[in-house]
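In: task: produce atomic coordinates for the following.
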Amino acid sequence: MDTVYWQVDPNQPSDQIIQQAARLLKDGELVAFPTETVYGLGADAFSATAVGKIYAAKNRPPINPLLVHIARLDQVTQLASEVPDAAWLLMKRFWPGPLSLIVPASSAVPGIVTAHGSKVGLRMPSHPVALALIEEAGPLAAPSANLSGRPSPTTAQHVKDDLHGRIAAVLDAGPTGLGIESTVLDMTGSRIRLLRSGGISHTELERVLEQDIVVSTAENSPHYQTAVQVLLAESDNTLLQITSQYLSQGKRVAVVHNNLSPAHKIDGVGVFKLHVDQQGADVYQIMREAERQQIEVLVFAPIPKTAEGLTTAVVDRIYKASQKSV
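Out: Numbering: from 1, shown residues only. Below you'll find the model as predicted:
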């Protein structure tokens, strides 16, 4: 398959290009598009055949359900059989934005979207390109636009690296803003559960809901598959010891400093700077750039344990890549 790449203005995408991309989606093809979090891989949410292509393109296990992206609140009732009051409150407060809510699925949602379960995850992205595409094409089932298990893509080049020739088209609007996936809440039980930390903090959600949220992120979730070995140092002394150890073995080593703790200069070691604030983080960009530079060992400097908000999600993603801290 020849993958088409369309350059689009991130704020005012061309109507003609959006219509072409929507036509592909309506014909059952896959189109990657930017959101404010990461690039998503879209398919017509109401077409089981089209959604099946997502699993094939990503090599994604069919037991993993997909989020559905919408552009308007009235689309919620197409996809959900019921919506708890707390979910409506969060939708009105945080949508469009990086929050995904799991609610009871309507009969209109194909089983392949929900992994044949009774729930569906809904999200309304805030990126103008995503909203324009969904407005034209309708609700889209859309996981991240990468091979299953790989770090999520924050640029069209990342999508190309993983999925070129596997999908019909990519809408290239430059780097995404947040660089971390959405927060995921399960709204279907007697207690609201946080399944994935992301662009909206646990603390902020509890403040709006005026109730506690149970944290049940999966400790044994699959780890990222990276060509570079990723480690998270728990102290400055450990950082120095680990880098020295791998340098003595002749490894290509790089250290990732962050804007929350002091940097250390180490001879013979490459340096990346991890930027984390309320506007976003570039952790996936760093992982992929380290691979491109053929770094063998990537050591993340300590991140203060008092950090919260988006930093909590960043630490979670580093752990997913490293499988352990040192």
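
In: for the protein, what spans make up the helices?
Out: 15-26, 48-58, 76-79, 85-94, 128-137, 156-163, 202-209, 236-248, 283-292, 310-322 (DSSP state H).

In: how about those, which one is nearest residue 187?
Out: helix 85-94 (4.5 Å; C-beta to C-beta). In short, each C-beta sits where N, CA and C put it, glycine included.

In: what helices or strands is that closest one leaning on?
Out: Secondary-structure packing of helix 85-94 (3 or more C-beta pairs under 8 Å, 6 or more residues apart in numbering; DSSP states H and E): strand 99-104, helix 202-209.

In: on that earlier part again, turn the helices of the chain into TSV, including mean pLDDT.
Out: Shown next, in TSV, are these (pLDDT from 0 to 100):
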stretch	mean pLDDT
helix 15-26	98
helix 48-58	98
helix 76-79	97
helix 85-94	98
helix 128-137	98
helix 156-163	98
helix 202-209	95
helix 236-248	92
helix 283-292	95
helix 310-322	87
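
In: ok so, going back, and the helices and strands packed on helix 85-94, which is most packed in?
Out: strand 99-104 (a mean of 23; mean count of other C-beta atoms under 10 Å).

In: before we move on, the earlier item: nearest to residue 230, of the helices of the chain?
Out: The nearest among these, by C-beta to C-beta, is helix 310-322 at 4.2 Å.

In: contacting residues around the closest one?
Out: Here helix 310-322 makes contact (C-beta atoms under 8 Å, 6 or more residues apart in numbering) with 151, 178, 180-181, 183, 196-199, 201-202, 217, 221-224, 226, 230-232, 260, 274, 276-278, 280-281, 283-284, 287, 300, 303, 307, 325.

In: find out how far stretch 17-28 is from the centre of the chain, if you would.
Out: With C-alpha atoms, centre = their mean, to the nearest Å as the basis, stretch 17-28 stands 23 Å off its chain's centre.

In: so what touches that stretch?
Out: Taking C-beta under 8 Å, 6+ apart as the rule, stretch 17-28 contacts 6, 8, 30-31, 33, 42-44, 47, 49-50, 53, 129, 132-133, 136-138, 140, 168-169, 171.

In: need the helices and strands packed on helix 85-94 in a markdown table with distance to residue 163, can you?
Out: Below are these laid out as a markdown table (distance: least, C-beta to C-beta, whole Å):
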| stretch | distance to residue 163 |
| --- | --- |
| strand 99-104 | 22 |
| helix 202-209 | 32 |
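
In: hmm, back to that, now, of the contacts of stretch 17-28, which are buried?
Out: Using 16 or more other C-beta atoms under 10 Å as the burial test, these include 6, 8, 30-31, 33, 42-44, 47, 50, 53, 129, 132-133, 136-138, 140, 168-169, 171 as buried.

In: what is the end-to-end distance of stretch 287-301?
Out: 14 Å (C-alpha to C-alpha, to the nearest Å).

In: what comes up buried for it?
Out: Under 16+ other C-beta under 10 Å, the buried positions of stretch 287-301 are 287, 288, 290, 291, 295, 297, 298, 299, 300, 301.

In: let me have those residues in TSV, extended by distance to residue 17.
Out: Listed next are the buried residues of stretch 287-301 as TSV, based on distance: C-beta to C-beta, whole Å:
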residue	distance to residue 17
287	30
288	26
290	33
291	30
295	36
297	41
298	36
299	42
300	38
301	41
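
In: in stretch 87-107, what's buried?
Out: 87, 90-91, 94-105.

In: and the residue lying closest to residue 38 once chain neighbours are set aside, how far from residue 143?
Out: Nearest-residue entry for residue 38: residue 152, 4.1 Å, with adjacent residues in sequence omitted and distances by C-beta to C-beta, 6 or more residues apart in numbering. Relative to residue 143, residue 152 is positioned 9 Å away (C-beta to C-beta, to the nearest Å).

In: if you count what's nearby, which of the two comes out ahead?
Out: Neighbours were counted for residue 152 and for residue 143 using other C-beta atoms under 10 Å; residue 152 has more, 24 against 21.

In: ok, the more buried one - contacts?
Out: Residue 152 makes contacts with 38, 39, 144, 146, 158, 181, 284, as judged by C-beta under 8 Å, 6+ apart.

In: quick one on the thing from earlier: just the buried subset of the contacts of helix 310-322, please.
Out: Counted by 16+ other C-beta under 10 Å, these give 151, 178, 180-181, 183, 196-199, 201-202, 224, 226, 230-232, 260, 274, 276, 280-281, 283-284, 287, 300, 303 as buried.

In: just the ones of the residues you listed in strands?
Out: 183, 196, 230, 231, 232, 274, 276, 280, 281, 300 (DSSP state E).
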